[in-house]
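[1] Please find the sequence and the predicted model below.
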Amino acid sequence: MFEPDTEAISQALDEPESSSPALHEAARELQAAEHDAQVAFDCIALGEPDRAHTHALTARVAIDAAVTALAAALTQEDLAPSRTSTQEDLAPSSTSTEQD
């Protein structure tokens with residue numbers, strides 16, 4: 001089974017320059033979904049379908065919340081100025097002439 005490097009993920013999310021609050025929330029929701037899915041899997045193995053069903057639904061709700069947070073992050077990214085723009089791009093043009 002694939003084991004993600006959760007320490008590296010946590011460090012990346014702690015850096016405000018590289019992570020928006022919406023991305024942080026999406027990552028947190030995905031971690032919660034992963035946990036609930038694992039619990040549901042374990043409940044199936046233990047023969048407890050009612051508990052498995054509850055945790056599977058909780059995992060699905062967490063996935064839906066992560067999708068919503070990712071959509072918000074994409075919207076924020078679309079509204080934010082381009083990261084590749086320079087100060088000259090943002091400064092008013094000095095080539096226009098004033099006519100009085």
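    Yep, it's here.
[2] can we go C-alpha only for contacts and neighbour counts from here?
    Noted.
[3] List the contacts of A59.
    Going by C-alpha atoms under 8 Å, 6 or more residues apart in numbering, A59 touches A32, A33, E34, H35, D36, A37.
[4] how about the nearest residue to it, chain neighbours excluded?
    A33 (4.2 Å; C-alpha to C-alpha, 6 or more residues apart in numbering).
[5] show me the contacts for the one you found.
    Contacts for A33 (C-alpha under 8 Å, 6+ apart) come out as T58, A59, R60, V61, A62, I63.
[6] Let me know the closest of the contacts of A59 to T54.
    Checking those against T54 by C-alpha to C-alpha gives D36 as the nearest, at 9.0 Å.
[7] My guess is the closest one contacts T58. True?
    Yes: with contacts counted by C-alpha atoms under 8 Å, D36 reaches T58, the gap being 6.5 Å.
[8] what is in contact with those two at once?
    Counting by C-alpha under 8 Å, 6+ apart, no residue touches both D36 and T58.
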